[in-house]
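A structural model of the following input is requested.
(chains A and B)
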Number of protein chains: 2
Amino acid sequence: MKKISKNSFKDSHHITELKLCSVRLVDNSEFPWIMLIPKRKKISEIFQLNKKDQNLLIQEIVYSSKIMKKTFKAFNLNIEKIGNIVPHLHIHVIARSKKDSSWPLSVWVVKKKSYFKQDLNNTIKKIKKNFGI
Amino acid sequence: MKKISKNSFKDSHHITELKLCSVRLVDNSEFPWIMLIPKRKKISEIFQLNKKDQNLLIQEIVYSSKIMKKTFKAFNLNIEKIGNIVPHLHIHVIARSKKDSSWPLSVWVVKKKSYFKQDLNNTIKKIKKNFGI
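Numbering: from 1, shown residues only, chains lettered A, B, ... in the order given. Prediction:
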């Protein structure tokens, strides 16, 4: 497996640290979208985590999902482990709305649109607040 | 939430029953692709499962992932909870290969292609064998 590059998650912004995962906002203003990145080396699949960490992962997915649902009044959550391009294990948690640009299709069918600076700051602030920061 | 329709998972084929989930093969010959469908009523999000079921879910994801990785010599696994169209909670577990038709992009960017009958039967047989059936 490739070494984790410092730049692997460069199009994202730090939100908080949970016990297992770093939480980062993905810089795509089309969707409220965070990533959970387990702080374990050389891990690309969930089954490579030990059982304790697997249970932590599902707990942190649940915890973060509830926050994203509440913060953005999401109609539905997309929770995805893809990793075809960036191999280090990371889980996307995306708040979907019936009015977003790719509904009801996958987020992957539309082009990314970076945040304007003010929107980015407001979004980070809003999510951090609901993570209790 | 909509009632689970008998037809919600009609483009799929029964593989086996785990403690929490039914396992079904998705009828898309582009990718070796199963779904895990928790046998709980009126559930559309992982956080709606109780904690015991959440832990069962991650265990069954891990178990099924290993089987899909081994059965299809997958380079990578995509594990996705989407549910924008079929709301009843279901988790996609997809074996990805660098030679598949959408690599390294998401499976959702290419059109579905149904299996020919013989391939379908062979694929079901192969997966069932590795689930110990």
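
so where is chain A shaky, pLDDT-wise?
Filtered on pLDDT under 70, chain A yields the residue ranges A:1-7.

near chain B, which residues of it show up?
When proximity is defined as Cβ under 8 Å from any Cβ of the partner chain, chain A approaches chain B at A:44-47, A:54-55, A:57-59, A:61-62, A:65-66, A:69, A:76-85, A:87, A:96, A:103-106, A:108-109. For glycine as for every other residue, the C-beta is placed from the backbone atoms N, C-alpha and C.

list the contacts for the residue nearest to the spatial centre of chain A?
In chain A, the centroid-proximal residue (Cα atoms, centre = their mean) is residue A:35; its distance is 1.8 Å. Shown in contact with residue A:35 (Cβ atoms under 8 Å, 6 or more residues apart in numbering or on different chains): A:9, A:12, A:23, A:24, A:26, A:90, A:91, A:92, A:93.

I'd say residue A:32 and residue A:71 touch.
Yes. When contacts are counted by Cβ atoms under 8 Å, residue A:32 is listed as touching residue A:71 (7.0 Å).

what touches both of the two?
Common neighbours of residue A:32 and residue A:71, counting by Cβ under 8 Å, 6+ apart, are A:95, A:127.

so for the two, which sits in the more crowded spot?
Using other Cβ atoms under 10 Å in any protein chain shown, the more surrounded residue of residue A:32 and residue A:71 is residue A:32, with 23 against 18.

angles on the backbone of that one, please.
The phi/psi pair for residue A:32 (degrees, to the nearest 10) reads phi -70, psi 120.

other SSEs contacting the longest helix anywhere in chain A?
Secondary structure assigned by DSSP state H gives helix A:51-71 as the longest helix of chain A. In terms of contacts (3 or more Cβ pairs under 8 Å, 6 or more residues apart in numbering or on different chains; DSSP states H and E), helix A:51-71 is packed against strand A:21-26, strand A:33-38, strand A:76-81, strand A:91-96, helix A:117-130, helix B:51-72.

and residue B:113, which of the ones you listed is closest to it?
helix B:51-72 (16.4 Å; Cβ to Cβ).
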